[in-house]
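*Asks:* Make a model of this:
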Amino acid sequence: MATSDNDGRPFPEDVAMEILTRLPVKSLLRFKCVGKSWYETITSPIFVKEHMNRKSPQILIYNHSAPDYAPPIYFISVSDAGAIKYPLDYLRGFRGMTYLLGSVDGLFLLEREIDDSIYDISLSLWNPATREVRPLPAANFELKPSFTQMDRQFGFGLDPITNDYKVV
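*Replies:* This is a model prediction of the structure:
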């Protein structure tokens, strides 16, 4: 990823990494298109972890009793200037009965009841840093009519052997 300046000297890679880890995610998403080496650097697990470690703390608020017209999730960013509430407009599809089931490494597992039915749900992975929400394939099981919502449980975690995220 090192580049040259006008004198032909290579730009130190550690300096480039130091700069990139301090940039906002929105900029990094654009920079992935610069070239293959930039893409590989920015999407590498080591870089992602380093970038997350430098990020200023934010508080995620999940309002279970939010009205149907309002998303149940928003961020509060805390800094020396005070607290600022950030609504997550891109989560507008997650109104009504939406549940935050778990989180790992900044990724969240969301469950949404379709048509307020505990028998018809969708699961999605949400990455607040990239503002991406990815629906997961539907589960191949059905709840019996005698089951309640409490009988259905999901877990979300990182498999250390495959270094992949799993929903169980």
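
*Asks:* And the helices in the chain?
*Replies:* 13-20, 25-31, 36-43, 45-54 (DSSP state H).

*Asks:* contact partners of the last one?
*Replies:* Outside of helix 45-54, the residues within contact range by Cβ atoms under 8 Å, 6 or more residues apart in numbering are Met17, Leu20, Thr21, Arg22, Val25, Leu28, Thr41, Asp105, Gly106, Ala129, Asn163. Where C-beta positions appear, they are placed from N, C-alpha and C, glycine not excepted.

*Asks:* To what extent is the fifth one buried, counted in neighbours?
*Replies:* Using other Cβ atoms under 10 Å, Val25 has 16 other residues around it.

*Asks:* Verify the stated contact: it with Glu132.
*Replies:* No. Using Cβ atoms under 8 Å as the test, Val25 is too far from Glu132 to be in contact (10.5 Å).

*Asks:* Can you add distance to Ala138 and give the contacts of helix 45-54 back as TSV?
*Replies:* Listed next are these as TSV, based on distance: Cβ to Cβ, whole Å:
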residue	distance to Ala138
Met17	40
Leu20	38
Thr21	37
Arg22	40
Val25	29
Leu28	32
Thr41	35
Asp105	25
Gly106	25
Ala129	26
Asn163	25
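
*Asks:* Filter those residues down to the buried ones.
*Replies:* Buried by 16 or more other Cβ atoms under 10 Å: Met17, Leu20, Thr21, Val25, Leu28, Thr41, Ala129, out of the contacts of helix 45-54.

*Asks:* that older thread, format the helices of the chain as TSV; extra columns: mean pLDDT and distance to Ser124.
*Replies:* Converted to TSV, the helices of the chain look like this (pLDDT from 0 to 100; distance: least, Cβ to Cβ, whole Å):
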stretch	mean pLDDT	distance to Ser124
helix 13-20	85	28
helix 25-31	86	19
helix 36-43	88	21
helix 45-54	82	20
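
*Asks:* Which residues does the nearest residue to Asp164 once chain neighbours are set aside form beta bridges with?
*Replies:* Spatial nearest neighbour of Asp164, chain neighbours left out: Leu158 (7.4 Å); criterion: Cβ to Cβ, 6 or more residues apart in numbering. For Leu158, the beta-bridge partners are Tyr165 (DSSP bridges).

*Asks:* Could you report the neighbour count for Leu158?
*Replies:* Residues near Leu158, counting by other Cβ under 10 Å, number 13.

*Asks:* Thanks again, I'm all set now.
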